[in-house]
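Give me coordinates for this.
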Amino acid sequence: MDVLKVSAKSAPNSVAGAIAGVIRERGSVEIQAIGAGAVNQAIKSIAIARGYLAPTGMDLVCVPAFANVEIDGSEKTAIKVIVEPR
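Purely as a prediction, here's the structure:
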């Protein structure tokens with residue numbers, strides 16, 4: 001499964017396009033975000049991607065979870081959201 005990493009500075013429309021593209025190609029995508037700003041951008045991106053895929057008859061569902069990731073030698077807790085068509 002492809003992993004898209006979202007930061008607080010990520011452009012939601014660009015991330016939404018990436019989400020829609022990966023779902024069309026592979027069927028599902030995992031999105032990782034660390035911090036409130038990044039999670040906000042990720043959720044906005046999912047909502048926009050849902051609009052991109054709706055005309056094709058595809059609806060999206062999200063499964064949120066925690067993930068431990070290592071950044072610069074320290075372990076951080078990320079939010080991961082698995083996005084799949086319903």
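
Glu84 and Gly57: what is the separation?
To Gly57, Glu84 is 15 Å away according to CB to CB, to the nearest Å. C-betas here are computed from N, CA, C, even on glycine.

Comparing those two, which residue is more hemmed in?
Ranked by neighbour count (other CB atoms under 10 Å), Glu84 and Gly57 place Glu84 first, with 15 against 7.

I'd guessed that one sits against Leu53; true?
No - in this structure, Glu84 is not within contact of Leu53 by CB atoms under 8 Å, at 11.2 Å.

where do the contact lists of those two overlap?
Residues touching both Glu84 and Leu53 (CB atoms under 8 Å, 6 or more residues apart in numbering): Ile23, Leu60.

So which elements touch the longest helix along the chain?
For the chain, the longest helix by residue count, based on DSSP state H, is helix 36-53. In terms of contacts (3 or more CB pairs under 8 Å, 6 or more residues apart in numbering; DSSP states H and E), helix 36-53 is packed against strand 2-6, helix 12-26, strand 29-33, strand 60-71, strand 74-85.

hmm, who's touching the second one?
For helix 12-26, contacts defined as CB under 8 Å, 6+ apart pick out 1-2, 4, 6, 28-29, 31, 41-42, 44-49, 51-53, 58, 60, 83-85.

switch the cut-off to 7 Å
2, 4, 6, 29, 41, 44-46, 48-49, 52-53, 83, 85 (CB atoms under 7 Å, 6 or more residues apart in numbering).
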